[in-house]
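>>> predicted model, plus sequence, below.
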Amino acid sequence: MHLKAVRRPSPDYTSREYWNGLIKMSLSKFFILCVLNERGMHGYEITRAVERTTEGCCSPSEGALYPVLHEFESGGYVTARTENVNGRERKIYELTAKGRQAFAVASSAWLDVAGCLGGSCKPAKGKRQSC
């Protein structure tokens, strides 16, 4: 049996939607770590806390949030425990020491990028900028 590779169309790098989606996907992981660094939360709380923290810039959907939480859990960055809240079972996610370390490293990396974007990476005519 011979399988044919499905060719995906190339992304439109001139599209603001492409870049917004890419940035928000990356920032969502960072801000999930950020809000969990404050305290343990269940999924809905995490989504709302990320929305508040980013003033609506990032709002991870359920379909985006839970795969990230499972990835963090399998990597040892968060633990999950079940808690009964108003008769409903909820999974509460908390950062581990490794998760707090990941948040510290991510914070430093994002600050480096933000500094680059705010300073030396401004478009210039005929000049290549580097970060």
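Ah, there it is. Numbers count the residues shown, from 1 in each chain.
>>> flag every buried residue along stretch 62-73.
Neighbour counts over stretch 62-73 (16 or more other Cβ atoms under 10 Å) mark Ala64, Leu65, Val68, Leu69, Phe72, Glu73 as buried. No exception for glycine: its C-beta is placed from N, CA and C like everyone else's.
>>> contacts for it, please.
The contact list for stretch 62-73 (Cβ atoms under 8 Å, 6 or more residues apart in numbering) reads 25, 28-29, 32-33, 43, 46-47, 60, 78-80, 93, 99.
>>> can you map out the helices along this protein?
16-38, 43-53, 62-74, 97-118 (DSSP state H).
>>> okay if I get those helices as a markdown table plus distance to Gly87?
Shown next, in a markdown table, are the helices of the chain (distance: least, Cβ to Cβ, whole Å):
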| stretch | distance to Gly87 |
| --- | --- |
| helix 16-38 | 25 |
| helix 43-53 | 16 |
| helix 62-74 | 21 |
| helix 97-118 | 29 |
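>>> now those helices in JSON lines, with distance to Asn86 and mean pLDDT?
As requested, the helices of the chain are exported to JSON lines (distance: least, Cβ to Cβ, whole Å; pLDDT from 0 to 100):
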{"stretch": "helix 16-38", "distance to Asn86": "22", "mean pLDDT": "90"}
{"stretch": "helix 43-53", "distance to Asn86": "13", "mean pLDDT": "94"}
{"stretch": "helix 62-74", "distance to Asn86": "20", "mean pLDDT": "94"}
{"stretch": "helix 97-118", "distance to Asn86": "27", "mean pLDDT": "90"}
